[in-house]
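In: Sequence and predicted structure are below.
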Amino acid sequence: MELLPPTNYEIAQVCLLAGKIMLENGGETYRVEDTMAHVAEGFGVPNSHSFVTPTGIIFSIDGPEQTTRLIRISARSTDLHKVTLVNAISRRISKGELTPQEAHRLLKEIDAANTGFPTWIKILAAALASGCFLIMFQGEWRDFVPAFVAGGAGLASLGYFHRLVPIKFFAEFLASLLIGALAFLFVFSGIGHALDTIIIGSVMPLVPGLLITNAVRDLMAGHFVSGLSKGAEAFLTAFAIGAGIAFVLSFYNGEGFV
């Protein structure tokens, strides 16, 4: 039995799902558009067009059966393993190894899979990274434990506050506020010694490094809307972190609270 050629609707479904997974898990805008174009071309559609922003994707296929679809992106995180899996499927499509139905099924499995690390491992990694950043910023080894505890508590509280208040800015502000308060308590009790290096090391897991990198890469690739919006998001995150720490330091005069 001869198989029917895939319809534009089926191809658009696969392209949009691939783009959605990549954009929601830390993929750059230009990489998302490039992947969607390669997927469409792998299915025999060279004349596809896509417009990607951090909050939505518009995909269109020219021809007698013109298809235009829009998908909304409401949540974004970082899971580069999923981005790698989507790239692998894109390469298989380009080689003609997958039909649209098979590709869509595999992409749905990737989208539903929980490939991230458990929360306790993320907290432990953030705590260890905080201590290492303290040493990198020329802190003292005796402050490693305070930075370790404050950094881990900061990342743990970020997830908790985000569930309580589903506004990213306030969650980051409260998490940095907790980090600043813990750092002061360690110094006040004599466990910690250099308040500035403890705070600097502890807030580093909250810094939007990937967001800043993607914003710069999108701007360099000519995607000014996405680059500026991601840059604005990174600025708000940095401002929230700075505001939380500044709020604590405003009550601190070098020897204790005013």
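Out: Sure, I can see it. The structure displayed is predicted, hence computed values, not measured ones.

In: where along the chain do the strands fall?
Out: 48-53, 56-61, 67-72 (DSSP state E).

In: burial count for V216?
Out: For V216, the neighbour count with other C-beta atoms under 10 Å is 15. Every residue, glycine included, has its C-beta placed from N, CA and C.

In: T53 now?
Out: 15.

In: OK, contacts around it?
Out: Contact analysis of T53 by C-beta atoms under 8 Å, 6 or more residues apart in numbering lists T29, V225, S226, S229.

In: change it to 6 Å
Out: Applying C-beta atoms under 6 Å, 6 or more residues apart in numbering to T53 gives the contacts V225, S226.

In: Check the one 5 residues further on too.
Out: For I58, the set of contacting residues under the criterion of C-beta under 6 Å, 6+ apart consists of F51, L70.

In: I'd like to know which of the strands of the chain is closest to S176.
Out: strand 48-53 (27.9 Å; C-beta to C-beta).

In: tell me which residues of the closest one are tucked away?
Out: Buried residues in strand 48-53, counting neighbours by 16 or more other C-beta atoms under 10 Å, are found at S48, S50, V52.

In: end to end, how far does stretch 21-30 reach?
Out: 14 Å (C-alpha to C-alpha, to the nearest Å).

In: Same check on stretch 201-218?
Out: So stretch 201-218: terminal residues 28 Å apart, C-alpha to C-alpha.

In: List the buried residues in it.
Out: 201-206, 208, 211-212, 214-215, 217-218.

In: now do stretch 145-159
Out: 145-158.

In: Can you tell me the closest non-neighbouring residue to T197?
Out: G139 (3.5 Å; C-beta to C-beta, 6 or more residues apart in numbering).

In: let me fix that: A75
Out: E24 (6.3 Å).

In: And E10, by the same measure?
Out: Closest to E10 by C-beta to C-beta, 6+ apart is P100, at 4.2 Å.

In: same check, this time on I200
Out: F137 (5.4 Å).

In: ok, now how distant is F173 from R76?
Out: The gap separating F173 from R76 is 19 Å, by C-beta to C-beta, to the nearest Å.

In: thinking again about what came up before, and which of the buried residues of stretch 201-218 is nearest to I245?
Out: For these, the nearest to I245 is V203 (6.7 Å; C-beta to C-beta).

In: residues in contact with that closest one?
Out: Counting by C-beta under 6 Å, 6+ apart, V203 has contacts S176, I179, I241.

In: Pick out whichever of the residues you listed sits closest to E33.
Out: Nearest to E33 among these, with distances taken as C-beta to C-beta, is I241, at 30.8 Å.

In: Do I have it right that that closest one meets L206?
Out: Yes. Using C-beta atoms under 6 Å, I241 is in contact with L206, at 5.5 Å.

In: residues shared between the contacts of these two?
Out: Common neighbours of I241 and L206 (C-beta under 6 Å, 6+ apart) do not exist.

In: Let me see the ranges of the helices in the chain.
Out: Per DSSP state H, the chain carries helices over the ranges 8-24, 29-42, 80-94, 100-112, 119-136, 144-164, 168-189, 195-203, 209-220, 224-249.

In: looking at the ones you listed, which one has the lowest mean pLDDT?
Out: For the helices of the chain, mean pLDDT drops lowest on helix 209-220, to a mean of 85.

In: Tell me the spacing between E65 and F51.
Out: Relative to F51, and taking C-beta to C-beta, E65 is found at 20 Å.

In: go on, T84?
Out: 24 Å.

In: How about V39?
Out: Applying C-beta to C-beta to V39 and F51 gives a distance of 16 Å.

In: Same check on V207?
Out: 30 Å.

In: Equivalent analysis for D34, please.
Out: From D34 to F51 the distance is 13 Å (C-beta to C-beta).

In: which residues do the two both contact?
Out: With C-beta under 6 Å, 6+ apart, D34 and F51 have no common neighbours.

In: Centre of the chain to stretch 91-108, how far?
Out: Centroid displacement of stretch 91-108 relative to its chain, using C-alpha atoms, centre = their mean, to the nearest Å, is 25 Å.
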